[in-house]
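>>> Got a predicted model here, sequence first, then my questions.
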Amino acid sequence: VRLVLLLVFLNSFRSFGLRFVQQLYLTNEFGFSDLETASILGTAASLHVFFGLAGAVLTDAIGVRRVALAALSIAVVGRGLLAFGRSRVAIYAAFYLFSPAGEALLATGLYRVALKKLTTPGGRAGQAGDAAATRSR
């Protein structure tokens with residue numbers, strides 16, 4: 001249970017930390033205009049919703065562990081493209097495919113399911129409170 005709570009904290013930290021620098025990264029490093037950057041980030045946010053819904057169905061179908069491993073693999077490719085990609089095609093692939101899929105599948109819903117499976121009904125309220133406190137930092 002503690003490992004899942006640590007993952008919730010790290011995922012939250014990664015998500016909020018990266019969100020602040022994405023706009024600057026796209027405008028300063030790749031020369032996108034503010035309008036192009038807003039379009040890319042807005043589309044990526046919409047794709048997060050789509051992949052999140054798909055992830056909910058996948059989690060029910062194949063399980064938390066398999067979805068978490070697949071999502072982590074996808075997210076690593078997305079982060080690699082963001083960190084090392086030097087073309088606009090790499091950035092588009094990262095923001096429109098790999099990052100939304102990996103991040104949405106690794107969202108807190110997946111961790112809630114994991115906490116539910118790892119706890120007894122009597123201890124779930126306390127674990128849910130710990131998870132909420134971990135996310136809100």
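Right, received. Where do you want to start?

>>> Excluding covalently adjacent residues, which one is nearest to Leu106?
Excluding the flanking residues, the one nearest Leu106 by C-beta to C-beta, 6 or more residues apart in numbering is Ala71, at 4.6 Å. In short, each C-beta sits where N, CA and C put it, glycine included.

>>> In this protein, which helix is the longest?
In the chain, assigned by DSSP state H, the helix with the most residues is helix 34-62.

>>> mind checking which helix or strand of this structure has the lowest mean pLDDT?
Within the chain, no helix or strand scores below helix 124-136, which has a mean of 57 by mean pLDDT, DSSP states H and E.

>>> Point to the residue nearest the middle of this protein.
Glu103 (2.0 Å; C-alpha atoms, centre = their mean).

>>> That residue: what's it in contact with?
15, 48, 51, 75, 78 (C-beta atoms under 8 Å, 6 or more residues apart in numbering).

>>> Buried only: go through the residues you listed for me.
Using 16 or more other C-beta atoms under 10 Å as the burial test, the contacts of Glu103 include 48, 51, 75, 78 as buried.

>>> which parts of stretch 28-48 are buried?
30, 32, 37, 40-41, 44, 47-48.

>>> Run the chain-centre distance for that stretch.
Relative to its chain's centre, stretch 28-48 lies at 17 Å (C-alpha atoms, centre = their mean, to the nearest Å).

>>> And for it, what's in contact with it?
22-23, 26-27, 88, 91-92, 95-96, 99-101, 103-104, 107.

>>> Next, check these against the strands and list the overlap.
In strands, judged by DSSP state E, none of those are found.

>>> Mark which of the residues you listed are buried, thanks.
22, 26, 91, 95, 99-101, 103-104, 107.
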